[in-house]
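>>> The following comprises the amino acid sequence and a computationally predicted model.
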Amino acid sequence: MLSFTINPAIFPIPIQAPIPVRLRHLCASATAENRLVWAEQSACREGDGKMDRELAVAVKAVQIACTLCQKVQEALLLPAGQNGSLKTSKDDRSPVTVADWAVQATVSWVLSQCFGEEHTSIIAEEDESALCASESTPLLDSVVSSVNRCLTEAPRYGLIGPENELQRHEIVELIGRCNSQGGPKGRFWVLDPVDGTLGFVRGDQYAIALALIEDGEVVLGVLGCPNYPMKKEWLNYHQRYYRLMSKLSPPAFGAWHKGCVLYARKGGGQAWMQPLLDPSQVFDLEKSARVIQVSSVSDPASATFCEPVEKANSSHLFTAGLVDTVGVRKQPLRVYSMVKYAAVARGHAEIFMKFARAGYKEKVWDHAAGVVIIEEAGGVVTDARGSPLDFSKGIYLEGLDRGIIACSGALLHRRIIEAVDASWDSSNL
Ligand SMILES: Nc1ncnc2c1ncn2[C@@H]1O[C@H](COP(=O)(O)O)[C@@H](OP(=O)(O)O)[C@H]1O
Ligand SMILES: [Mg+2]
């Protein structure tokens with residue numbers, strides 16, 4: 001049973017404080033004066049309120065990025081010939097879209113404005129090189145217009161957008177700036193601008209994932225899931241319903257996209273969920289947030305397990321053997337992206353497993369936000385030997401053993417680890 005309450009402890013000072021006006025606009029501008037005002041406010045909130053400001057900014061950045069992605073996904077799903085320069089392929093032939101670069105530029109802009117460029121270090125998935133080739137100008141122009149259109153919405157989120165529209169070179173610079181290499185010391189943000197790009201281009205599930213790492217520890221995580229409704233619904237429902245309804249009549253923007261944003265702060269003891277901001281609304285974090293909790297189901301026979309859609313990303317054969325051994329009876333829930341972490345955190349699935357092929361190195365941006373959200377919602381996430389994931393080694397989860405297992409509770413987790421132990425040597429992983 002999920003409990004839905006608003007916890008005043010997580011944001012002890014209202015984000016939309018009535019005075020002064022500058023503080024209502026969380027990131028009024030990058031001026032030293034404004035940052036100073038915020039530094040004073042943050043100092044007042046030390047202790048219980050640690051990371052409040054970072055969390056509030058991160059939630060706003062992800063919210064605004066979700067609206068950007070929704071618009072791009074709508075356009076991508078238009079019939080061929082009507083969707084312009086929105087998509088291309090990387091060297092490894094995986095898709096990359098205007099949304100990947102535009103979200104990275106937008107989040108980079110928001111974080112730099114709020115915390116100062118000199119204090120903002122970001123690890124993110126995309127680099128700017130493909131955008132800079134001369135033949136990519138239409139793509140870059142689509143990114144530029146997507147970012148500028150998105151930032152006109154900034155005031156609704158309590159942010160003040162740029163005075164003038166951002167230019168090509170500024171957008172390229174914002175993307176290129178996200179080149180931190182992480183490591184065991186210091187503070188850096190970790191961003192996957194569009195996780196599950198394959199799901200995104202197919203009109204299916206995807207996520208926007210932002211986390212903050214301090215001295216190798218994930219201290220906060222935010223997960224935007226634009227196609228994961230606030231009400232409990234079957235995750236694949238969206239896709240089928242969308243496809244069917246799109247054929248009958250073109251959707252009004254936002255009509256079926258009642259997505260959510262999940263967030264948690266390490267050690268906060270709670271994880272939260274809020275709806276995506278409606279086009280007619282002004283952002284108010286406190287009003288809309290609900291506590292989320294993992295499922296209390298511990299009987300494998302009643303448990304749901306989720307895994308990647310793509311066999312190439314995780315062995316379906318191996319997980320089928322594991323769930324059989326453990327006694328999970330339900331069909332796997334195959335979902336793109338970190339929405340799987342969200343499903344466990346919200347109590348809609350009890351288990352998430354991923355077993356990539358030997359030699360594949362998991363990246364920190366594909367897991368950081370999801371791990372802290374599940375843990376604070378009451379779940380357990382480790383590698384498949386039972387060790388915590390190590391976010392202190394740079395852009396990869398170095399030392400990750402065998403695979404990743406996230407569970408709603410310790411009992412299920414232990415049973416799966418035992419099943420992995422028993423079958424690992426005879427597997428071809
Ligand atoms: N061969 C592989 N094995 C495992 N994971 C892979 C992979 N190739 C890509 N991925 C990762 O899997 C993510 C998608 O997850 P899922 O399969 O659960 O939907 C991709 O994120 P992006 O889509 O952000 O690139 C990518 O980081
Ligand atoms: Mg990813």
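Structure's in. What do you need? Numbers count the residues shown, from 1 in each chain. Ligands and ions are numbered 1, 2, ... in the order given.
>>> which ones are touching V72?
V72 sits next to 86, 97-99, 102, 146 when contact means C-beta atoms under 8 Å, 6 or more residues apart in numbering. C-beta here means a position set from N, CA and C on the backbone, and glycine is covered the same way.
>>> distance of it from ligand 2?
Separation of V72 from ligand 2 (C-beta to the ion, to the nearest Å): 16 Å.
>>> That residue is in what secondary structure piece?
Assigned by DSSP states H and E, V72 falls within helix 52-76.
>>> do the helix or strand immediately after that helix in the chain and ligand 1 meet at all?
Following helix 52-76 in sequence order, the next helix or strand is strand 87-89 (DSSP H and E). No - using C-beta under 6 Å from any ligand atom, strand 87-89 never reaches ligand 1; the gap is at least 12.0 Å.
>>> quick one: strands adjacent to strand 87-89?
Paired neighbours of strand 87-89 in the sheet (DSSP bridges): strand 95-97 (antiparallel).
>>> what sits against the residue nearest to L389 when sequence neighbours are not counted?
In this structure, L389 finds its nearest non-sequential neighbour in L397, 5.5 Å apart by C-beta to C-beta, 6 or more residues apart in numbering. The neighbours of L397, taking C-beta under 8 Å, 6+ apart as the test, are 361-364, 367, 383, 389-391.
>>> where's L397 relative to ligand 1, distance?
For L397, the distance to ligand 1 (C-beta to the nearest ligand atom, to the nearest Å) stands at 11 Å.
>>> So which bits of the stretch 51-200 of the chain are right by ligand 1?
Contact residues (C-beta under 6 Å from any ligand atom) of the stretch 51-200 of the chain with ligand 1: 125, 192, 195-197.
>>> Which of those residues fall within strands?
Among these, DSSP state E puts 192, 195 in strands.
>>> what's the farthest-apart pair in the residues of the stretch 51-200 of the chain next to ligand 1?
E125 and G196 (11.5 Å; C-beta to C-beta).
>>> the more surrounded of these two?
With neighbours defined as other C-beta atoms under 10 Å, E125 and G196 compare such that G196 has more, 28 against 21.
>>> ok, now which ones touch the residue of the chain found nearest ligand 2?
Taking C-beta to the ion, ligand 2 has its nearest neighbour within the chain at D195, 3.7 Å off. By C-beta under 8 Å, 6+ apart, the residues touching D195 are 206-209, 337-338, 365-366.
>>> So of these, which two are at opposite extremes in space?
Checking the contacts of D195 with C-beta to C-beta, the most distant pair is Y206 and W365, at 13.6 Å.
>>> Pick out whichever of those two has more residues nearby.
Comparing Y206 with W365 by other C-beta under 10 Å, the one with more neighbours is Y206, at 30 against 23.
>>> Could you pull up the residues touching the more buried one?
Y206 touches 69, 73, 194-197, 199-200, 226-227, 336-337, 339, counting by C-beta under 8 Å, 6+ apart.
>>> from those, which is closest to C178?
For the contacts of Y206, the nearest to C178 is V194 (13.7 Å; C-beta to C-beta).
>>> The closest one reaches D100, doesn't it?
Yes - using C-beta atoms under 8 Å, V194 makes contact with D100 at a distance of 4.8 Å.
>>> Same drill for these two, tell me which one is more crowded.
Shown here are V194 and D100; by other C-beta under 10 Å, V194 has more neighbours (31 against 26).
>>> dump the residue contacts of the more buried one.
69, 97, 99-100, 103, 200, 206-208.
>>> Next, check those against the helices and list the overlap.
Mapping those onto helices (DSSP state H) picks out 69, 99-100, 103, 200.
>>> so which two of those are the farthest from each other?
Every pair of the ones in helices among the contacts of V194 checked by C-beta to C-beta; the farthest is V103 and F200, at 10.6 Å.
>>> out of those two, which sits in the busier spot?
Remark: of V103 and F200, V103 carries more neighbours, 34 against 26, as counted by other C-beta under 10 Å.
>>> mind listing the helices for the chain?
With DSSP H, the ranges of helices along the chain come out as 21-24, 32-44, 52-76, 98-115, 129-132, 137-151, 168-176, 197-201, 237-248, 285-288, 316-326, 339-345, 368-376, 410-423.
>>> Nearest to V297 among those helices would be which one?
Of all these, helix 410-423 comes closest under C-beta to C-beta, at 8.2 Å.
>>> so what does that closest one touch, helix or strand wise?
Taking 3 or more C-beta pairs under 8 Å, 6 or more residues apart in numbering; DSSP states H and E as contact, the helices and strands that helix 410-423 lies on are helix 316-326, strand 351-354, strand 380-383, strand 404-407.
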